[in-house]
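Chemist: Generate a structure from the sequence data that follows.
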Amino acid sequence: MSDWDVLVAKDDLRKIEVREAAPRAPLADGEVRLEVERFSLTANNITYGLIGETFGYWKFFPAEGGLGRIPVWGFATVVESNAADAPVGLRVFGYLPMSSSFVAKLARKGGGFIDTSAHRAELPPTYNAYAEAPEDGMDDHRALLRPLFMTSWLLDDFLSEDASLKTLVLSSASSKTAMGLAWFARRRGVPVVGLTSPGNAQTLSGLGLYDRIVPYGEAGSLKVEGPAVYVDFAGDAQVNETVHAALGETLARSIIVGGTHWSGDRAPRALVGPQPVLFFAPDQIPSARPNGASRSWTNGSLRRCASSWPTPAG
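Modeler: Numbering: from 1, shown residues only. Okay, here's the model as predicted:
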């Protein structure tokens, strides 16, 4: 079977096609070819596409003609190698294209690998890191949840720097990253209010992650103890306007994380209170190091994050 790529129109994420990829070319020194085994798709990938030009997400796995390959998280195996550090059979977890295979320049760094390809040199190093990943029965869950759980952990690490915080309000409360943040925040004793659609309200109320679930239609009457922080995972301009107006002086900070409502109203609005600031997870990684220690993300903070992973009951 020929190699293939899933290509997305950069200016309209609804336009998607699968194309036969170019024939495999000989590898240069230091390069490996990896076959993609499995990957997850979540609302997080939509965010990559929405802000791909601004934050360079389209640059990881370039395409031509106004098309791009949205990055995904998953597992891949080295099937050809001209790199001493990455033998055939090496299986890794990391940032992948939606393709059957791709070429990288994998080199050892700390306890893992990094892609040293020239076109990725100026991109956030977090996304260039790959971890060795022997097969595990939880691989589907890891592909789906590991990157989102890491983002939740980094968000909580960021928010924990503010000792005055009394309440968290999260939009798109059913998103996995929001649920992860709620889990972390409540472990620290911070009350969390989740905003969601009416159809998700009952299910979310039964998960025990939120102190209160509020349907979007009732957000206009939202009252919480301040100082409060609003973390926006939805990217819905109308919801943001409503929440800012409802919280008023109680709202101390407003943080943008994602765009799960990517097809909704995204037109800029004049907002009451603090103006939203974008949270970019890779920017938080240096401060996640204990006491500023000069350990790598792969060897240090990732282990601290992994130690927080919830253990299944039974």
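Chemist: Check the burial of G248 by counting its neighbours.
Modeler: Neighbourhood size, G248 [other CB atoms under 10 Å]: 11. To be clear about C-beta, it is placed using only N, CA and C from the backbone, and glycine gets the same treatment.
Chemist: One more: T116?
Modeler: The burial count for T116: 16, using other CB under 10 Å.
Chemist: separation between it and P125?
Modeler: T116 is 11 Å from P125, where distance means CB to CB, to the nearest Å.
Chemist: G189 now?
Modeler: Distance from G189 to P125, by CB to CB: 33 Å.
Chemist: These two - which one has more neighbours?
Modeler: P125 (17 against 6).
Chemist: Okay, now the unreliable bits of this structure?
Modeler: 1, 259-267, 281, 284-314 (pLDDT under 70).
Chemist: Please list all residues in contact with the residue located most distally from the centre of it.
Modeler: Residue farthest from the centre of the chain, counting by CA atoms, centre = their mean, is P26 at 33.0 Å. Residues in contact with P26 (CB atoms under 8 Å, 6 or more residues apart in numbering): none are found.
Chemist: Can you tell me which helices and strands whichever helix in the chain runs longest packs against?
Modeler: Looking across the chain with DSSP state H, the single longest helix is helix 139-159. Under the contact definition 3 or more CB pairs under 8 Å, 6 or more residues apart in numbering; DSSP states H and E, helix 139-159 sits against strand 32-40, helix 43-50, strand 72-81, strand 91-96, helix 176-187, strand 228-232, helix 281-284, helix 302-307.
Chemist: buried set for the longest one?
Modeler: Read that as helix 176-187. Buried residues in helix 176-187, counted by 16 or more other CB atoms under 10 Å: K176, T177, A178, M179, G180, L181, A182, W183, F184, A185, R186.
Chemist: Need the winner for burial among the helices and strands packed on helix 139-159.
Modeler: strand 228-232 (a mean of 25; mean count of other CB atoms under 10 Å).
Chemist: For the next helix or strand after that one, give me every contacting residue.
Modeler: Next helix or strand after strand 228-232 toward the C-terminus (DSSP states H and E): helix 237-247. The contact list for helix 237-247, computed with CB under 8 Å, 6+ apart, reads 169, 171, 195, 216, 219-224, 226, 228, 230, 232, 234, 251, 254, 261, 264-269, 271-273, 276.
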